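>>> attaching a predicted model along with its sequence, questions to come.
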Amino acid sequence: MTHDEPVSTDTDVVAGGGAPSEARGLTAAEVAERVAAGHTNDVPGRASRSVRDIVRGNVFTRINAILGVLFVIVLATGSIIDGMFGLLIVANSGIGIIQEIRAKRTLDKLAIVNQARPVVRRDGVAAPVAPNEVVLDDVIELGAGDQIVVDGVVVESADLDVDESLLTGEADPVDKATGDQVLSGSFVASGSGAYRATKVGRDAYAARLAEEASKFTLVHSELRSGIDRILKFITYLMIPAGLLIIYNQLFSSGQPLRPALNGMVAALVPMVPEGLVLMTSIAFAVGVVRLGRRQCLVQELPAIEGLARVDVVCADKTGTLTENGMRLSELQCAEGTDPDVVAHALAAIAADDPRPNASVLAIREAYPDEPGWGAPTAQAPFSSAKKWSGLSFGTNGNWLLGAPDVLLAPGTDMARRADELGAHGLRVLLLGTSDGPVDAPDAPGQVTPRALVVLEQRVRGDAKDTLEYFASQHVTVKVISGDNAVSVGAVAESLGLPGAEHPVDARRLPTDSDELADEVDDASTFGRVRPDQKRAMVGALQSRGHTVAMTGDGVNDVLALKDADIGVSMGSGSPATRAVAQIVLLDNKFATLPYVVAEGRRVIGNIERVSNLFLTKTVYSVLLAFLVGVSGVLAQMFDFEPVPYPFLPRHVTIAAWFTIGIPAFILSLAPNNERARSGFVGRVMRLAIPSGVIIGVATFVSYLLVYAGPEQTEQQSEQAGTTALITLIMIAIWVLAVVARPYVWWKLVLLAGSVLGYVVLFSVPFTQEFFKLDPSNEGATISAVVCGLVGIVLVEVGWWISGRLHGERRALFAASSDFAGRA
């Protein structure tokens, strides 16, 4: 629910009456009063699709409608057995619903874990709460990286800078003083403060913007758009083919109504690629569930497709290649500096930071005792742009903590010593004093170095294996960090990253977009990168045709994550980074990313693989209908007997069982580690059209060779249909064998099982009677096998020619790596 009455922005008045205390926040009674009045932040989940929508989306489809009409026609003829294809409606809908609900539950559970929890003051105590538990007039604390979850008015500000780029597109942070408005959807770039909620729920700015955008939708996807193009193409083919076969069966063939209708339905049913959309949905849903088991939250489903296309991964050093935590390794004081004064200054700086980062936490752990200097008289929060922070303590001095290469003049003894330490992969900070207050306009002013603070970062044990995996998969890794370039290069070089021995200081990068693209494309390790540069580097890589995944966990990564093709955030990252990322690694492990990439490749590669099977079936079904229909038209024109459609509906049902249905389901879930490329539709059509044409023509010829004319007996009719079916199945199994390449043991078992399944169907008396199969005419069966063998040779020749022409015969279905198999 929302509130309709205007909300005062006067900090001395609240909705419940009385004067609030910003330090105390609302009382429990005041919170209960607002909950009862409906003044809560009841914004719906980001990507939640209701069960009702899932059921409706899977039941009321165009394909189900077509199959439903044909099913009713068959039932009207009294041939219930021939209506077996109607089970496809139940199977398509049931499997799709089950898998999507599984995916929804996985996403919902992980979304709760990933949820940003604002810190709210109530009854004088600050504690994190769920976003939907925030009520009107709550006082919410803010620190660097915090996402602003509702609209409000600032009541406390300590150099509070808010980044509103996600709302306005303005890249520069906006300074917020007491009394200024803050909008939901923005986040804190630096500083700290608190604000009072003035608009909650659907009244909040970001909630209004996201009312439609946050619904469960599939944004642009080459795969989806490609399948839509294919379905549109099939529809255009089905209309004339369907009209021809209807005319032939009902008016030209001279058959009684019941067999004429059965033949018409048998021709139309296989034209519908009923499993293509289903398999696509299942592959996406299973991908979500599998990634969920690895504590990977997929916030946008097309991200799975994007992962399959990634060829560049941009990664931060801290928290990605190294552990998040740090340890104070050494303190090197400048000549003439009292170590006790340095220790007191570090303790005071660490104690006064309300939201310490990993570096400050390491200092606090080493110097836990406060010196008693009192509250600072001025402060300058750390930001990624300026690379330093500071506190003024009156007579105790103006103290700075930051990057040595920013605060020190190059060439000094202290600067050279900092570079030497950084070259060993250590993080080095400078502790210095300024000649003026740290919040002065010209800060930091004249800096006097006091000590080098040396922090040790532990390289992740799995980082080297992860980089080696990406190298083996031809995915380039670029380390982009705000740390000293020499230090970043040392860590990357220790892990064997190519090019890490020549790190680039981003302060020397060109501003021209083309020159920047050249530099970023060539080098692999970058240090001292500003947030705006990270964004520009991502854009530069994209301008060279790369598909870029960006990993990050800090507020300085938000803009780059948003612009990257795939934004990947660590679960321990700031709420802002988790909000804009399409994928969140809740286990905070960079080593999870190879599994994520492998899953994306598996999903997309297998959808392309099974698309060949479904579209081959559609092509040969349409062609067979055309041939039969055209023969009927020609028969009337030249006065000869037309040829009826060779199959019953039950025949086309069993023809798909072991050549498409079961194999496609298994192949859609199999390992596949080939990087996805553009041109999905063209590659699929290059196999499906020639193969479908060969099957259609060979089947029609096989039928003509044994067709005894309109006066044939029922047994002869069954034998003719069986002959055509044997030819069709032989070539279709060979197409399956082509699509399944390269072979591994389970694929050979799959192919053997398909062959065995048809041997049973054609040889067991019960199935022969049930499906009206009669292979007893040896001459007819031999001709079927000969036609089938000719078709197999032609399919193989066509596949070979296609591979030679396009240089990708084997690349289309590359061998699955062991890593992908484990994933």
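Good, I have the coordinates. Residues are numbered from 1 along each chain as shown.
>>> measure the residue most central in space within the chain to residue 372 for me?
The residue lying closest to the centre of the chain (C-alpha atoms, centre = their mean) is residue 303, at 1.9 Å. As for residue 303, its distance to residue 372 is 51 Å (criterion: C-beta to C-beta, to the nearest Å). In short, each C-beta sits where N, CA and C put it, glycine included.
>>> go on, residue 698?
In terms of C-beta to C-beta, residue 698 sits 93 Å off from residue 372.
>>> more neighbours: those two, which one.
Counted by other C-beta atoms under 10 Å, residue 698 and residue 372 do not tie: residue 698 has more neighbours, with 26 against 9.
>>> so that one is in which element?
helix 680-706 (DSSP states H and E).
>>> ok, then the element right after that helix?
Downstream of helix 680-706 (by DSSP H and E), the next one is helix 714-739.
>>> name the helices or strands packed onto that next one?
Helices and strands touching helix 714-739, as assessed by 3 or more C-beta pairs under 8 Å, 6 or more residues apart in numbering; DSSP states H and E, comprise helix 592-638, helix 649-656, helix 680-706, helix 745-763, helix 778-806.
>>> could those go into a markdown table alongside distance to residue 96 and mean pLDDT?
Formatted as a markdown table, the helices and strands packed on helix 714-739 follow (distance: least, C-beta to C-beta, whole Å; pLDDT from 0 to 100):
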| stretch | distance to residue 96 | mean pLDDT |
| --- | --- | --- |
| helix 592-638 | 14 | 83 |
| helix 649-656 | 18 | 84 |
| helix 680-706 | 21 | 89 |
| helix 745-763 | 23 | 93 |
| helix 778-806 | 31 | 88 |
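>>> any chance of these in TSV, plus distance to residue 473?
Shown next, in TSV, are the helices and strands packed on helix 714-739 (distance: least, C-beta to C-beta, whole Å):
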stretch	distance to residue 473
helix 592-638	7
helix 649-656	35
helix 680-706	20
helix 745-763	22
helix 778-806	22
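>>> between these, which one is closest to residue 119.
Taking C-beta to C-beta, helix 592-638 is the member of the helices and strands packed on helix 714-739 nearest to residue 119, at 28.2 Å.
>>> contacting residues for residue 160?
By C-beta atoms under 8 Å, 6 or more residues apart in numbering, residue 160 lies in contact with 142, 154, 175-177, 188, 190-193.
>>> at 7 Å instead, please
142, 154, 176, 188, 191-193 (C-beta atoms under 7 Å, 6 or more residues apart in numbering).
>>> that's a strand at it, yeah?
Yes: counting by DSSP: H, G, I helix; E, B strand; the rest coil, residue 160 falls inside a strand.
>>> who's it bridged to?
With DSSP bridges as the criterion, residue 160 is bridged to residue 176.
>>> and the pLDDT for it?
Looking at residue 160, its pLDDT reads 88.
>>> and for residue 506?
Per the predicted model, pLDDT is 90 at residue 506.
>>> show me where the stretch 151-300 of the chain has its strands.
151-163, 174-176, 181-182, 187-199, 296-298 (DSSP state E, counting those that start in this stretch).
>>> so residue 615 touches residue 230, yeah?
Yes: using C-beta atoms under 7 Å, residue 615 is in contact with residue 230, at 6.5 Å.
>>> looking at the helices and strands packed on helix 714-739, which is nearest to residue 575?
helix 592-638 (20.1 Å).
>>> where does the stretch 201-350 of the chain dip in pLDDT?
Along the stretch 201-350 of the chain, the parts satisfying pLDDT under 70 run over 205-221, 249, 252-255, 300-302, 324.
>>> if we go to 80?
202-239, 241-288, 298-308, 318-319, 323-325 (pLDDT under 80).
>>> so what touches stretch 732-741?
Contacts for stretch 732-741 (C-beta under 7 Å, 6+ apart): 609, 612-613, 616, 655, 659, 663, 667, 691, 695, 747, 750-751, 754-755, 792, 795, 799, 813.
>>> thinking again about what came up before, can you tell me the closest non-neighbouring residue to the residue nearest to the centre of the chain?
Closest residue in space to residue 303, ignoring its immediate chain neighbours: residue 582 at 3.9 Å, by C-beta to C-beta, 6 or more residues apart in numbering.
>>> what about the one you found, how many neighbours?
Neighbour tally, residue 582, other C-beta under 10 Å: 24.
>>> how far away is it from residue 386?
For residue 582, the distance to residue 386 - C-beta to C-beta - is 30 Å.
>>> what's the answer for residue 299, then?
Per C-beta to C-beta, residue 299 is found 32 Å from residue 386.
>>> circling back to that earlier point, can you add distance to residue 91 and give the strands of the stretch 151-300 of the chain back as TSV?
Formatted as TSV, the strands of the stretch 151-300 of the chain follow (distance: least, C-beta to C-beta, whole Å):
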stretch	distance to residue 91
strand 151-163	48
strand 174-176	55
strand 181-182	52
strand 187-199	46
strand 296-298	26
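>>> figure out which of these is closest to residue 423.
Using C-beta to C-beta, the nearest of these to residue 423 is strand 187-199, at 29.3 Å.
>>> returning to that earlier point: touching, the residue nearest to the centre of the chain and residue 583? I think so.
Yes: look at residue 303 against residue 583 with C-beta under 7 Å: they come within range, at 5.4 Å.
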